[in-house]
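Colleague: Take a look and give me a structure for this.
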Amino acid sequence: MRERPNQWNGAAGASVDFWGVVRALEDGREISGIEYEAHEKMAQHQLETIAGEARRKFALEEVVLEHRIGFVAAGEASLFLRVASAHRGAAFEASAWIVAELKKKVPIWKKPFFVRQKSPAARS
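Modeller: Below you'll find the predicted structure:
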């Protein structure tokens, strides 16, 4: 996953980073993490389509959209989104729109591993 850039996009007056982090509780039960599965080519295509649509819809300077696949431990990031635009309003609005579209359209499935259940890493 990404880090803060050393240099910002010169055309943008606003940059918003969003990190989707695996929570320690799922449906009120403690989890060790989540296993994410995807049809990777389809998922990547949808991520690129959403990013492109957001660039046009919100006149964005930059969109970086990454989602991890495989086991992600509680407390770690599974999603990273960076949006840069001329103004903060568009950056915040675009960020919310992108996450909502991702959840609706990208074929990524999640399976939580409850604390009493062995994670894929622990089974190896």
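
Colleague: what separates Ala100 from Lys111, distance-wise?
Modeller: Using Cβ to Cβ, to the nearest Å, one obtains 22 Å as the distance from Ala100 to Lys111. C-beta: built from backbone N, CA, C; applies to glycine.

Colleague: for Arg56, same thing?
Modeller: For Arg56, the distance to Lys111 (Cβ to Cβ) stands at 34 Å.

Colleague: Compare these two and say which is more crowded by neighbours.
Modeller: Under the neighbour definition other Cβ atoms under 10 Å, Arg56 and Lys111 were set side by side, and Lys111 has more, 12 against 8.

Colleague: before we move on, what SS does the more buried one have?
Modeller: Reducing the assignment to helix, strand or coil with DSSP: H, G, I helix; E, B strand; the rest coil, the entry for Lys111 is strand.

Colleague: and it, what does it touch?
Modeller: When contacts are counted by Cβ atoms under 8 Å, 6 or more residues apart in numbering, Lys111 is found next to 34-35, 37.

Colleague: mind checking pLDDT for the closest residue in space to His67 that isn't next to it in sequence?
Modeller: Closest residue to His67 in three dimensions, ignoring its sequence neighbours and counting by Cβ to Cβ, 6 or more residues apart in numbering: Leu79, at 5.2 Å. For Leu79, the pLDDT comes out at 98.

Colleague: Beta-bridge partners for Leu79, please?
Modeller: Here Leu79 sits in beta bridges with Gly20, His67, as judged by DSSP bridges.

Colleague: who's in contact with it?
Modeller: Contact analysis of Leu79 by Cβ under 8 Å, 6+ apart lists 18-20, 66-68, 99, 102.
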